[in-house]
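>>> how would this look folded up:
(2 chains)
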Number of protein chains: 2
Amino acid sequence: MGIVSFENICQAAARVRPYIHRTPVLTCTALDRMAGASLYFKCENFQRAGAFKYRGACNAVFSLSDDRAKRGVATHSSGNHAGALARAAQVRGIPARVVMPENAPEVKVEAVRGYGAQVIFCEPNLEARETALNRLVEESGAVFVHPYDTPLVIAGQGTAAVELITDAGNLDIVLAPVGGGGLLSGTAISTKTLLPQARVFGTEPKQADDAFRSFRSGVLVPSRNPNTIADGLLTSLGKLTFPLIRQFVDDILTVSEEGIKKAMALIWERMKILVEPSSAVALAAVLEHPEPFRNRRVGIILSGGNVDLKHLPWTGV
Amino acid sequence: MGIVSFENICQAAARVRPYIHRTPVLTCTALDRMAGASLYFKCENFQRAGAFKYRGACNAVFSLSDDRAKRGVATHSSGNHAGALARAAQVRGIPARVVMPENAPEVKVEAVRGYGAQVIFCEPNLEARETALNRLVEESGAVFVHPYDTPLVIAGQGTAAVELITDAGNLDIVLAPVGGGGLLSGTAISTKTLLPQARVFGTEPKQADDAFRSFRSGVLVPSRNPNTIADGLLTSLGKLTFPLIRQFVDDILTVSEEGIKKAMALIWERMKILVEPSSAVALAAVLEHPEPFRNRRVGIILSGGNVDLKHLPWTGV
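Numbers count the residues shown, from 1 in each chain, chains lettered A, B, ... in the order given. You can find the predicted model right below:
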């Protein structure tokens, strides 16, 4: 038994149910034909705050006692976790503070502020970020909610796969993208509990393949200058997510940048839904490594839909 | 009683049911807040072939006797009707022939060919188009399926509003975009039958406002150099659709190009779904003319989702 159990995920599901969207599971005949498989897409791009991150953030925020909660929550993130935590805190009516690098895109800063959070800028490096966060937590008494490497967040992310399996029924394989590993480890725990025969694969950009290298070597290695269009997957596995992934995940598949762009365009054009590049990595894996998926029932978690419409990666598609 | 009755729409619904998607009705808290109304979006962007046009095309194609059908169907269109008719014919297993202007975008030509239809090019003017179509129909014996001005197509398009009202319940107002008027007249017949107290508005770009001018003057006037980003709405009302619209529609609202682009971006960003510019015209009308909609339950038909991802109108949004 790891640090997060299926029971924790069920508790999370009950806790977050009033706050999250029960997102649909969609299918697409054209993509099934291309993949030679039956694909079931869990649409977390339709989740509140635009990504699965809202599940973990809600689980963390609504687990707090009233006393702890009133001092607020804090995190560092320039991505979906920041918006998700800000929104969850807003719904609970408590303060949220987010440390962001001073070069963060204006659109992301505005999204977080739009949910009523306070943004604290720091220099764009790890040390400055941690210093700013520590000072902030010390001064305010806010609870730090890590983007992925903390049990309540992992348990919250695991609720998406429970819904996917409930709606899609028996699946042979479940795929999730892997960045820090919160979604993948939660997905793996849920899947291996509900469908012990099913395989779980993490999917990752070749150009940010720390999870692949850590998984294969058995030693936690950080990303080396990750550089991918899938900006949600730049982070490295954490101390909690890595052992969960080693225990419950069958393999990590890596994909090219071209494959990610192509899969993203296919989802947009064929399914008529917006997904961010990180969401397209799993479909890219099915198309680049078709063998294990042939004639299988495959669940795919579309992680989010937050894209800057003015900067789309269609060149080369 | 007009040339199309609600009974015809119910017959169409039964006929096309096995072939079409029952598309979802979606809501969006953020857009409701902006509009000051409760909006129910009927998502025909998820329809087969990417637009509501598949309903009318299916109704026409599956109404044919086997004898008539085997000679195939034909039309002129460089838009969604071409793809919809080609797909419907492919499903029935009969030939489809489409006259398209020789300057039609390659992506549209390929879409029609992708559904197995034969494309016949003509010079890009009305006379050449009609000559080519007439010759084609004479030589092949194919049945001409007009994009909008024919009863079976109007009846087919009216099935979307039946589903919308079934799923959303009591609505105060129903909105549809108006180009040739097939969708709007079908929508109006369904709505006025099922919800006699509800109002029906057509929505149209100011820069292609022939329906507005015809409706207000009572005289059918064609478009004068229409020039709008909503390329599905360039056509003018027809001899059948105009009297239906006069009889059943309460008003036509026109919107600016900026309003269309803004509404389109809002639907993409907030709902995470792809719609084409023509689909955004109704939301644009709610945002540009808010008074009649305040605190109302408003149904909006999102007509289609066929966009060229390499040419998006985000400048100025």
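>>> ok but residue A:174 is inside a strand, no?
Yes - assignment of residue A:174 by DSSP: H, G, I helix; E, B strand; the rest coil places it within a strand.
>>> burial of it, as a residue count?
By other C-beta atoms under 10 Å in any protein chain shown, the residues close to residue A:174 number 31. Bear in mind the C-beta positions are built from the backbone N, C-alpha and C, glycine included.
>>> Pairing partners for it in the sheet, please.
Listed beta-bridge partners, residue A:174: residue A:200, residue A:299 (assigned using DSSP bridges).
>>> so how far is residue A:161 from residue A:252?
Taking C-beta to C-beta, to the nearest Å as the criterion, residue A:252 is separated from residue A:161 by 17 Å.
>>> which one of these two has more residues nearby?
Taking other C-beta under 10 Å, residue A:252 and residue A:161 do not tie; residue A:161 has more neighbours (30 against 21).
>>> packing partners for the helix or strand in which that one is found?
Secondary-structure assignment from DSSP states H and E places residue A:161 in helix A:159-168. Applying 3 or more C-beta pairs under 8 Å, 6 or more residues apart in numbering or on different chains; DSSP states H and E, we find helix A:159-168 packed against helix A:6-16, strand A:25-26, strand A:38-43, helix A:53-61, strand A:173-177, helix A:182-194, strand A:297-302.
>>> With distance to residue B:206 and mean pLDDT as added columns, please give these in JSON lines.
Compiled in JSON lines, those are given as follows (distance: least, C-beta to C-beta, whole Å; pLDDT from 0 to 100):
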{"stretch": "helix A:6-16", "distance to residue B:206": "45", "mean pLDDT": "98"}
{"stretch": "strand A:25-26", "distance to residue B:206": "36", "mean pLDDT": "97"}
{"stretch": "strand A:38-43", "distance to residue B:206": "35", "mean pLDDT": "98"}
{"stretch": "helix A:53-61", "distance to residue B:206": "39", "mean pLDDT": "98"}
{"stretch": "strand A:173-177", "distance to residue B:206": "44", "mean pLDDT": "98"}
{"stretch": "helix A:182-194", "distance to residue B:206": "46", "mean pLDDT": "98"}
{"stretch": "strand A:297-302", "distance to residue B:206": "37", "mean pLDDT": "98"}
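>>> C-alpha coordinates for the helix holding residue A:161, PDB please?
What follows is helix A:159-168 as a C-alpha-only set of coordinates in PDB (Å, rounded to 0.1, in the frame of the first residue of the first chain):
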ATOM      1  CA  THR A 159     -11.100  10.700  -9.200                       C
ATOM      2  CA  ALA A 160     -11.000  11.400 -13.000                       C
ATOM      3  CA  ALA A 161     -10.100   7.800 -13.800                       C
ATOM      4  CA  VAL A 162     -12.900   6.500 -11.500                       C
ATOM      5  CA  GLU A 163     -15.400   8.500 -13.500                       C
ATOM      6  CA  LEU A 164     -13.800   7.400 -16.800                       C
ATOM      7  CA  ILE A 165     -14.100   3.700 -15.900                       C
ATOM      8  CA  THR A 166     -17.600   4.100 -14.500                       C
ATOM      9  CA  ASP A 167     -18.700   5.700 -17.800                       C
ATOM     10  CA  ALA A 168     -16.700   3.800 -20.300                       C
END
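>>> What parts of the stretch 201-317 of chain A come near chain B?
Within the stretch 201-317 of chain A, the positions lying close to chain B (C-beta under 8 Å from any C-beta of the partner chain) are A:265, A:268-269, A:272-275, A:305, A:309-310, A:312, A:314, A:317.
>>> mean confidence for the one helix or strand residue A:266 maps to?
Residue A:266 is part of helix A:257-266 when elements are defined by DSSP H and E. Helix A:257-266 shows a mean pLDDT of 97.
>>> quick check: angle from that helix to strand A:173-177?
Counting by axes from the mean of the first three to the mean of the last three C-alpha atoms, to 10 degrees, helix A:257-266 points 110 degrees away from the direction of strand A:173-177.
>>> tell me how far stretch A:157-170 is from the chain's mean position?
In terms of C-alpha atoms, centre = their mean, to the nearest Å, the centre of stretch A:157-170 is set 15 Å apart from its chain centre.
>>> If anything else comes up later, I'll come back, but that's it for now.
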